[in-house]
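Visitor: Sharing a model prediction with you, sequence too.
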Amino acid sequence: MAGEIALPIQESPDLLTTIVVPCGSTGGVVVDNQFLFYAEKDTVIDAAWCVFGVNDSDATLKLTTAATGAIASGTDLTSALAIDGTAGTPVQFTITETANLIPAGSWVGMEITGTSTASEMVIQLRIRQKIR
């Protein structure tokens, strides 16, 4: 089967999709300060969820964004989310609507505050590139 020439980003159509990112871990525990998504074009994060297999009552999780630098130095994209719910139950982040437009060339990352023992975590992002 023949291949297809990849479209340059400036010619690609607007995107509306859901991304599911399994979070990396060490010894089963989710690792702090992970990059989740790179915005090739201006991208809006409309919603975000977290699902975990093992919770942690003394840690919180938030999403950040920046063009460069460490995840902990990025701009908060969400408020802090307690990782103390029921395992396997999706928990929705509260999006900071003044920060949810991710400029092209920026990333979205995940930061944990506190000493977490949470494991088996995925982050789900609903994104779009059509700006209203």
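Guide: That came through fine. Numbering: from 1, shown residues only.

Visitor: rest of the way, CA atoms for contacts and neighbours
Guide: Noted.

Visitor: And for stretch 23-42, what's in contact with it?
Guide: 9, 21, 70-72, 101-112, 116-123, 129 (C-alpha atoms under 8 Å, 6 or more residues apart in numbering).

Visitor: From those residues, list just the buried residues.
Guide: Among the contacts of stretch 23-42, those scoring as buried are 71-72, 101-103, 106-112, 116-123, 129 (criterion: 16 or more other C-alpha atoms under 10 Å).

Visitor: Residue 67 and residue 30, how far apart?
Guide: Distance, residue 67 to residue 30, by C-alpha to C-alpha, to the nearest Å: 24 Å.

Visitor: These two: which is more packed in?
Guide: residue 30 (22 against 16; other C-alpha atoms under 10 Å).

Visitor: Which residue comes closest to that one once chain neighbours are left out?
Guide: residue 119 (5.1 Å; C-alpha to C-alpha, 6 or more residues apart in numbering).

Visitor: For burial, what's the neighbour tally of residue 15?
Guide: So residue 15, with other C-alpha under 10 Å, has 12 neighbours.

Visitor: Check residue 98 too.
Guide: By other C-alpha under 10 Å, the residues close to residue 98 number 8.

Visitor: ends of stretch 90-98, how far apart?
Guide: The first and final residues of stretch 90-98 sit 24 Å from each other (C-alpha to C-alpha).

Visitor: what comes up buried for it?
Guide: Within stretch 90-98, the residues scored as buried using 16+ other C-alpha under 10 Å are 90, 91, 93, 94, 95, 96.

Visitor: can you pull out the strands in this protein?
Guide: Secondary structure of the chain (DSSP state E): strands located at 16-22, 25-26, 29-30, 34-39, 43-51, 60-66, 75-76, 81-82, 91-92, 101-102, 106-113, 122-128.

Visitor: Please identify the most buried of those strands.
Guide: Highest mean neighbour count of these: strand 60-66, a mean of 24 (counted as mean count of other C-alpha atoms under 10 Å).

Visitor: what's it in contact with?
Guide: Residues outside strand 60-66 that contact it (C-alpha under 8 Å, 6+ apart): 71-72, 74-83, 93, 102, 106-114.

Visitor: any weak-confidence spans in this structure?
Guide: Residue ranges of the chain with pLDDT under 70: 1.
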